[in-house]
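*Asks:* Dropping the sequence and predicted coords here.
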Amino acid sequence: MRAERGAVEGTEWPGPLPAGRERSLVRAAQGGSAAALGELYRAHWRRAHRAAYLIVHDAAAAEDVAQDAFLAAVDALDRFDRRRPFAPWLHRIVANRAIDWARREALRRRVDGEAEPSPGGAPEGLGEDVMAALAELPAEQRAVVVLRYLLEYTPGEIATMLELPRGTVNSRLRRALDSLGTRLGAER
Amino acid sequence: MNEARLRELLREVAVPGEERAEQRGLALVEAAFAERAAEAGAQGAAPRRRPVSLPRLAIALALVTLLAALLLSPAGANVRDWVGEVFTSAPKPGPGLAEIPGGGRLLVESAEGPWVVQPDGSRRLLGAYREATWSPRGLFVAAVAGDTLTAVEPDGTPRWSLSGGGPVADPRWSPSGYRIAYRSGGQLRVTAADGTGDRLIDGGVAPVAPTWAPSGLHQLAYVDAGGELRLADTESGRSVGAGIAPPGLIALEWAGDWILQASPTTLGLRPIRRTKLAIAPGVGTARIGLELPPGSEVLDAAFAPDGSRVAAAVRLTRGGRERSAVLLYALDKNAAPRRLLTLPGRLPELTWAPDSQRLLVAWPSADQWLFLPIGGPGRPRALSGIAAAFAPGQAAAPFPRLEGWCCHAR
């Protein structure tokens, strides 16, 4: 599984760390360098946080999910295999925890019988239509869309991350794209 | 759907509070990393992975249990199913302010100032103060007069005063007894309980009373001017955590590893993530929203002192006549909310007995205090003539405010 392939031109995201640089940062962090850990954090936080938000649709929950993933990374730092890329491991945690949260929230809302106001506020402005379209999808479909089109993993990699058959990933992607296409309009 | 366009759209979505979230996350991760390094240093070895500590494991198990109770309780007894009112009507009021059911002493604020009500119902005006609060053992009261914070004995004898740079509000005595937090102007400050060592904690805070960690550690939760929930170590002055707070908070209370957040439209519990060096709101994404009747407005909410329950007074907006209800949320194996009582008018305040066995509910439109037994012995009691009891000689006195119930309930 490879590392992230980088940001789209025009976004303000930091570019992906070169593999060698990332390995040296992980090694330095394992040796106790807070600066190295900070650099790893800054390189990966925004993607992780955004991915979580696009899945859970709740700003506070997304922050919790991303924080949890990074704390898990700190906890497991000594066991981390430096030969492997850091991002897929982090994103696997983010995606699975975000799905768990979204499932629990969906269950709770079914039990409550109505939607609860989000403390993070409803998304407004840029991307509102995208969020509304994503909200129509089950969390499992949102997750594969985010992993595929935000974080740019292949269906095979997504299948590994979510412990799903590859065919299931492909079918979820297909259904999600059909739904998003209908919702957002064919012109997009 | 064009896949390239979808990529662009996903990256263009505005994530609320993205930059602040990144800063909060970095502070938390750095603190956790420092803890790891400190532990490794103490062991004299390279940093090693910590085993999952028992407290964290216990927190995780408690969260799982609570969530399971909240979400997986039988459908017939789930959170949709109000169990029916525990008390079908208000108790018949006794004549005047007499013995406090369950004992203990009350702090009550009238237009004249705060009063201490003794267990036998006798009462004493402390002076021209407001916003009084008990010290943890009830030996002193902290109160406010304009720009001044004052500590007085329960008989009204002043012990010390401290003048701030602006109107003082919301004093809160720490559970250790050694510190008092208060707002002064737009600032949050903390002083030692003898009035010395006054220090600034935050230069810009929201008008919400801060809440101390119940552990006795000098850690304080508050809402800053930007609307963020912040946790501070008041000894070091260091911020040890932050997170998103619902807008318009009216109450913030910390019990166990939970922070109760109440706004007019939401009632929720925020778990505390705790390591040795860092605490922060939020762990395992297990924020819990407590169910409210549809369209209701939260008037007041409070944690039981033992942290086992949350009580809330809500105004019911459905139907023509104004009604209010008292709701009880048990945070143990059965987390289903119960509606204790529904009454006409507003129930603006409630406070727990120090032993968590009774709830005192203010019912101004009936000029009564209601004492509801919660899980303990006794029957509901009502005391009437409350307004006149704190405004001797006045024909039409306003109903007094409840400020606290302390400390040696029997």
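*Replies:* Structure's in. What do you need?
*Asks:* what about the residue nearest to B:Ala169 when sequence neighbours are not counted, which SS state?
*Replies:* In space, B:Ala169 comes closest to B:Arg183 once its chain neighbours are excluded; the distance is 4.6 Å by C-beta to C-beta, 6 or more residues apart in numbering or on different chains. All C-beta atoms are positioned from the backbone trio N, CA, C, and that covers glycine. Three-state call for B:Arg183 (DSSP: H, G, I helix; E, B strand; the rest coil): strand.
*Asks:* Likewise for A:Ala52?
*Replies:* helix.
*Asks:* need the contact list for it.
*Replies:* A:61-63, A:65-66, A:69, A:94, A:97-98 (C-beta atoms under 8 Å, 6 or more residues apart in numbering or on different chains).
*Asks:* If you average the pLDDT over the longest helix seen in chain A, what comes out?
*Replies:* If you go by DSSP state H, chain A has its longest helix at helix A:86-112. For helix A:86-112, mean pLDDT is 82.
*Asks:* cool, and stretch B:315-327?
*Replies:* 85.
*Asks:* Which residue lies closest in space to residue 130, excluding its sequence neighbours?
*Replies:* Since no chain was named, I'll use chain A. Sequence neighbours aside, B:Leu9 is the residue nearest to A:Val130 in space, at 4.6 Å (criterion: C-beta to C-beta, 6+ apart).
*Asks:* To clarify, I was referring to chain B.
*Replies:* Leaving aside its sequence neighbours, B:Arg130 sits nearest to B:Val144 (C-beta to C-beta, 6+ apart; 5.4 Å).
*Asks:* Partner strands of the one helix or strand that neighbour maps to and their direction?
*Replies:* B:Val144 is part of strand B:141-145, with elements assigned from DSSP states H and E. The strands beside strand B:141-145 in its sheet (DSSP bridges) come out as strand B:130-134 (antiparallel), strand B:148-152 (antiparallel).
*Asks:* Any chance you could list what contacts the first one?
*Replies:* Meaning strand B:130-134. Residues outside strand B:130-134 that contact it (C-beta under 8 Å, 6+ apart) are B:107, B:109, B:113-114, B:126, B:140-145, B:168-173, B:403-404, B:406-407.
*Asks:* again with the last one
*Replies:* Outside strand B:148-152, the residues that touch it by C-beta under 8 Å, 6+ apart are B:126-127, B:129, B:140-144, B:158-164, B:168, B:171, B:180, B:182, B:184, B:191, B:193, B:195.
*Asks:* Can you flag the buried ones in these?
*Replies:* B:126-127, B:129, B:140-144, B:162, B:164, B:168, B:171, B:180, B:182, B:184, B:191, B:193, B:195 (16 or more other C-beta atoms under 10 Å in any protein chain shown).
*Asks:* Least confident secondary structure element in the chain?
*Replies:* Since no chain was named, I'll use chain A. The helix or strand of chain A with the poorest confidence is helix A:86-112; it has a mean of 82 (mean pLDDT, DSSP states H and E).
*Asks:* looking at chain B here, not the other one
*Replies:* Least-confident helix or strand in chain B using mean pLDDT, DSSP H and E: helix B:54-72, a mean of 44.
*Asks:* right, and the helix or strand after that helix?
*Replies:* Sequence order places strand B:93-94 as the next helix or strand after helix B:54-72, per DSSP H and E.
*Asks:* Tell me the buried residues in stretch B:168-177?
*Replies:* Neighbour-count burial for stretch B:168-177 [16+ other C-beta under 10 Å]: B:168-175.
*Asks:* thinking again about what came up before, tell me which residues in the longest helix of chain A are buried?
*Replies:* By neighbour count on 16+ other C-beta under 10 Å, the buried set for helix A:86-112 is A:86-102, A:104-105, A:108, A:111-112.
*Asks:* Please apply the same query to stretch B:10-21.
*Replies:* Going by neighbour count (16+ other C-beta under 10 Å), the buried part of stretch B:10-21 is B:10-11, B:13, B:15-18, B:21.
*Asks:* and of those residues, the nearest to B:Glu228?
*Replies:* B:Gly17 (8.6 Å; C-beta to C-beta).
*Asks:* Distance check, the closest residue to the closest one other than its chain neighbours against B:Pro175.
*Replies:* Spatial nearest neighbour of B:Gly17, chain neighbours left out: A:Ala59 (5.8 Å); criterion: C-beta to C-beta, 6+ apart. In this view, A:Ala59 and B:Pro175 are 32 Å apart by C-beta to C-beta, to the nearest Å.
*Asks:* Closest residue of chain A to chain B?
*Replies:* A:Gly127 (3.1 Å; C-beta to the nearest C-beta).
*Asks:* Contacts only, for that residue.
*Replies:* If a contact means C-beta under 8 Å, 6+ apart, then A:Gly127 has B:9, B:12-14 as its contacts.
*Asks:* Could you find the residue nearest the spatial middle of chain A?
*Replies:* Relative to the mean C-alpha position of chain A, the nearest C-alpha, by C-alpha atoms, centre = their mean, is the one of A:Ala51, at 3.0 Å.
*Asks:* Might one say that that one is in contact with A:Arg92?
*Replies:* No: using C-beta atoms under 8 Å, A:Ala51 is not in contact with A:Arg92, being 10.9 Å away.
*Asks:* Perfect, that will be all.
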